[in-house]
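Asker: for reference, the sequence and a predicted model appear below.
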Amino acid sequence: TQLLEQSPQFLSIQEGENLTVYCNSSSVFSSLQWYRQEPGEGPVLLVTVVTGGEVKKLKRLTFQFGDARKDSSLHITAAQTGDTGLYLCAGLTNTGNQFYFGTGTSLTVIP
Amino acid sequence: DTEVTQTPKHLVMGMTNKKSLKCEQHMGHRAMYWYKQKAKKPPELMFVYSYEKLSINESVPSRFSPECPNSSLLNLHLHALQPEDSALYLCASSQDPGRLNEQFFGPGTRLTVL
């Protein structure tokens, strides 16, 4: 079983549409990160959230950490083809010594 | 320098070969990681080095042997691999394996075992 479940697993949308990716767990995390990985490259860190209820914005991307620090979401407004990639959430458990990646969401934005 | 570099970018090897993957960072990070990743799947943690000591080995077969010669370098020695070991091997580093654990990844080595 995966500690961090992402949904949806695959997503294909038209350019200009909005989308939300979810990252859920039954465990509490002291921090949670979102990465984007393009084909043939390593994951690139987008954001870290550490406070329950925290919202962070990065241009058209909005990240939210759940109040109980068990879940997170990533919302993209007006998707562009450059947003295509594998989106990964990852978290450090509350005990501080275990780090997990989520199951991943593969996003394709069609021109 | 905020980069993690990995060499080679691509590697093809036979099941009887011995090869090594190399990873380097000059950000002063004290934690370094090896991951294995299959297509469209999340990275799977293999090894963690903390302050140049192996702190986590995720039950990786002995045909994979990590080495951390100094705080900037991480190697992965490969011997007698199987075709199912073909994957993207990612190296990452972080300030320390502490609370935030934000990891910086290299571009990976695409390994094909014939």
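Answerer: Sure thing, it's come through. Values in this document were obtained by computation on a predicted structure and should not be read as measured data.

Asker: flag every residue of chain A that's near chain B.
Answerer: Those residues of chain A that sit near chain B, judged by C-beta under 8 Å from any C-beta of the partner chain, are A:30-31, A:33, A:35, A:40-45, A:48, A:50, A:86, A:88, A:90, A:92, A:96-97, A:99, A:101-104, A:106. In short, each C-beta sits where N, CA and C put it, glycine included.

Asker: now a PyMOL select for only the buried ones of those.
Answerer: Under the burial definition 16 or more other C-beta atoms under 10 Å in any protein chain shown, those of those that qualify are selected in PyMOL by:
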select buried, chain A and resi 30+31+33+35+41+42+43+45+48+86+88+90+92+99+101+102+103+104+106
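
Asker: now, the residues of chain A next to chain B that are in helices?
Answerer: Within the residues of chain A next to chain B, no residue falls in helices by DSSP state H.

Asker: which residue packs closest to the residue of chain A found nearest chain B, ignoring adjacent ones?
Answerer: Nearest residue of chain A to chain B, counting by C-beta to the nearest C-beta: A:Gly42, 3.2 Å away. When the adjacent residues along the chain are set aside, A:Gly42 lies closest to B:Phe105, with 3.2 Å between them (C-beta to C-beta, 6 or more residues apart in numbering or on different chains).

Asker: show me where pLDDT drops low in chain B?
Answerer: The model of chain B has pLDDT under 70 over residues B:1-2, B:98-100.

Asker: do a quick rundown of the strands in it.
Answerer: Here chain B has its strands, by DSSP state E, at B:4-7, B:10-13, B:18-25, B:31-37, B:44-50, B:53-57, B:64-70, B:73-79, B:87-94, B:104-105, B:109-113.

Asker: and for chain A?
Answerer: Shown for chain A, the strands assigned by DSSP E span residues A:5-7, A:10-14, A:19-24, A:29-37, A:44-49, A:55-58, A:61-65, A:71-76, A:85-93, A:99-101, A:105-110.

Asker: list the helices and strands the first one packs on?
Answerer: Read it as strand A:5-7. Identification of packing neighbours for strand A:5-7 by 3 or more C-beta pairs under 8 Å, 6 or more residues apart in numbering or on different chains; DSSP states H and E yields strand A:19-24, strand A:85-93.

Asker: any idea which of the ones you listed scores lowest on pLDDT?
Answerer: For the helices and strands packed on strand A:5-7, the stretch scoring lowest in mean pLDDT is strand A:85-93; its value is a mean of 93.

Asker: give me the contact list for the lowest-mean-pLDDT helix or strand in chain A.
Answerer: Lowest on mean pLDDT, DSSP states H and E among the helices and strands of chain A sits strand A:99-101, with a mean of 87. Applying C-beta atoms under 8 Å, 6 or more residues apart in numbering or on different chains, the external contacts of strand A:99-101 come out as A:2-4, A:88-93, B:42-43, B:45, B:97, B:101.
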